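A.B. asks: 3D model of this:
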Amino acid sequence: MHRPLAAEAYVAKKGDIPTATAEFLTRCQNLEIKAPRDAASFVERWGQRWVEDGSIEGHGSNSGRKRMLSSDDGQLVVGYLKKGRADADGGVYGSIRELRQECPEVDEMLQARGASDSTVERAVHYECPEMVYGDLVVKPKYTCKQLNDRYSTAAGHLETFTTSFRVGQRVIWIDAKTMPMHVNSKKGWFIPSEKDTFETTLPTNLKQPLVLKYYIAVNYLLGALELVFYTGTTGMPADRNPGAPYKTKKGKKARGVTSMEVNDIMKLFKEKAEEPGNMAHLRRGEHWLYSWDNDKIHKGADMSKMGIKPEHRFDLPELSSDMHKTVEHVHGWLDHHMQLWLQKQNRKELTIDACKQQLQHLFYNVLKKESIQRDVESLVETYEAIVLAGGGHVTSQFR
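C.D. replies: As a prediction, this is how the structure comes out:
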């Protein structure tokens, strides 16, 4: 990043080091990157290098020294890293040291070059800038059946969406979430050596009294359709309605949501969707489609009793939150904004009613329908990526 800026500044100021250095520092500031300590020497060295031979190549810490690893050496290492481990579990190499331990031919070459792990890392960054070392998203390995289901479902939805995107506009995306009312994250500017703590009067662990449990339904045409709190939310026991308490299949008082309650929630969603104002968005002969995940509580519910027939279901395979990202992203958005709100609250004054009201306000009044529409529109790319992956996991840009 620094070398192109130095070369551009040098050329722009026609080799005048003071003005080129000032231009270089301005560009670094605009990009919010730290400039080298001796900026003038840096600009002169790399500016002249660019003018003389049109090159600013070299590793970040080499300052023009001969590279210890050739391009072929670096590409060899990159090839192994891209291929990944060859053991039964497969996966990526956890470090350069692990690569050297498991690939004698690579370690032999690196030892012959006298290359340390840090030298290899620089070579990897140089030969393959898009490759990074960091935390991976951990997900369960799909079975053959799950892969086939994901592939066939994605292929079917892709054909449907490309033939008539109107189908995607009619899907009502439904999902549940548990949201404890505690502060679990905080971003901000700080100096680590002086202070790296954010103090809150709210609980910082899961063992606390206030929690929201809710279902939401969203749609391309309607935006935020409905939010429903269910059993397990603070102040909402299963027998809150003495005349019709929610019970388990064994007849005991429920501690959480039951298939009976899910039926009631789905019925409420359907009734809301079929209100005259909402039905006005449909064309003659059209009906709403419904998408929900494969949680066991949903499998136990009898949706047909609620008027949701099999042909009204928009298929979603197991372990496929990427195909359900429209509503998953809404959960993430709500969680983020609830965190911002919670950071400003005092525990002694916080009530469950205030938490409910804030979540409802965010869902009904702040959430933009356009964000839901963008996610639905991007599903075409997600379906394509899943098909290309043979039903396997896709990268974050498609989730």
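
A.B. asks: surely residue 37 is within a strand?
C.D. replies: No. Per DSSP: H, G, I helix; E, B strand; the rest coil, residue 37 lies outside any strand segment and is coil.

A.B. asks: now it: how far from residue 191?
C.D. replies: When Cβ to Cβ, to the nearest Å is the yardstick, residue 37 and residue 191 sit 20 Å from each other. Backbone N, C-alpha and C define where each C-beta goes, glycine included.

A.B. asks: output the lowest-mean-pLDDT helix or strand in the chain as PDB - backbone C-alpha positions only.
C.D. replies: Lowest on mean pLDDT, DSSP states H and E among the helices and strands of the chain sits helix 296-299, with a mean of 72. The C-alpha trace of helix 296-299 is given here as PDB (Å, rounded to 0.1, in the frame of the first residue of the first chain):
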ATOM      1  CA  LYS A 296     -37.900 -30.200  15.700                       C
ATOM      2  CA  ILE A 297     -40.600 -28.000  17.200                       C
ATOM      3  CA  HIS A 298     -41.700 -26.900  13.700                       C
ATOM      4  CA  LYS A 299     -41.700 -30.500  12.500                       C
END
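
A.B. asks: show me where the stretch 251-399 of the chain has strands.
C.D. replies: In the stretch 251-399 of the chain, the strands defined using DSSP state E, counting those that start in this stretch lie at 289-291.

A.B. asks: follow-up on the earlier one: can you tell me which helices and strands the least confident helix or strand of the chain packs against?
C.D. replies: Applying 3 or more Cβ pairs under 8 Å, 6 or more residues apart in numbering; DSSP states H and E, one finds that helix 296-299 contacts helix 259-273.

A.B. asks: off-centre distance for the helix it packs on?
C.D. replies: Chain-centre distance of helix 259-273: 29 Å, with Cα atoms, centre = their mean, to the nearest Å.

A.B. asks: mind listing what's buried in that helix?
C.D. replies: 259, 260, 261, 262, 263, 264, 265, 266, 269, 270, 273 (16 or more other Cβ atoms under 10 Å).

A.B. asks: who's in contact with it?
C.D. replies: Applying Cβ atoms under 8 Å, 6 or more residues apart in numbering, the contact partners of helix 259-273 are 172, 174, 215, 217, 219, 222, 225-226, 228, 230-231, 238, 246-247, 249, 254, 278-279, 288, 290, 297-298, 300-303, 305-308.

A.B. asks: before we move on, what about stretch 124-132?
C.D. replies: By Cβ under 8 Å, 6+ apart, stretch 124-132 touches 59, 60, 71, 74, 75, 77, 78, 81, 82, 96.

A.B. asks: who are the packing partners of the helix or strand the fifth one falls within?
C.D. replies: The secondary structure element spanning residue 75 is helix 71-83 (assigned by DSSP states H and E). Here helix 71-83 touches helix 96-102, helix 104-113, helix 117-127, going by 3+ Cβ pairs under 8 Å, 6+ apart.

A.B. asks: so how far is it from its chain's centroid?
C.D. replies: 29 Å.

A.B. asks: could you do stretch 375-384 as well?
C.D. replies: Counting by Cα atoms, centre = their mean, stretch 375-384 comes out at 15 Å from the chain centroid.

A.B. asks: pull the residues that contact that stretch.
C.D. replies: With Cβ under 8 Å, 6+ apart as the contact definition, stretch 375-384 has outside contacts at 154-155, 157-158, 161-162, 165, 168-169, 171, 220, 322-323, 325-326, 329, 394, 398-399.

A.B. asks: give me that answer again for 7 Å
C.D. replies: Applying Cβ atoms under 7 Å, 6 or more residues apart in numbering, the contact partners of stretch 375-384 are 154, 157-158, 161-162, 168, 220, 322-323, 325-326, 329, 394, 398.

A.B. asks: list the buried ones in the helix holding residue 75?
C.D. replies: 73, 74, 76, 77, 78, 80, 81.

A.B. asks: same deal with stretch 93-106?
C.D. replies: Of all the residues in stretch 93-106, those buried under the rule 16+ other Cβ under 10 Å are 93, 96, 99, 100, 103, 106.

A.B. asks: restricting to C-alpha, output the host helix or strand of residue 22 in PDB.
C.D. replies: Under the criterion of DSSP H and E, residue 22 resides in helix 17-30. Extracted C-alpha coordinates of helix 17-30, given in PDB (Å, rounded to 0.1, in the frame of the first residue of the first chain):
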ATOM      1  CA  ILE A  17      11.400  15.200  -2.400                       C
ATOM      2  CA  PRO A  18       9.900  17.800   0.100                       C
ATOM      3  CA  THR A  19       6.700  18.400  -1.800                       C
ATOM      4  CA  ALA A  20       6.400  14.700  -2.800                       C
ATOM      5  CA  THR A  21       6.800  13.700   0.900                       C
ATOM      6  CA  ALA A  22       4.100  16.100   1.900                       C
ATOM      7  CA  GLU A  23       1.800  14.700  -0.800                       C
ATOM      8  CA  PHE A  24       2.600  11.100   0.400                       C
ATOM      9  CA  LEU A  25       1.800  12.000   4.000                       C
ATOM     10  CA  THR A  26      -1.500  13.500   2.900                       C
ATOM     11  CA  ARG A  27      -2.500  10.400   1.000                       C
ATOM     12  CA  CYS A  28      -1.600   8.200   3.900                       C
ATOM     13  CA  GLN A  29      -3.700  10.400   6.200                       C
ATOM     14  CA  ASN A  30      -6.700  10.200   3.800                       C
END
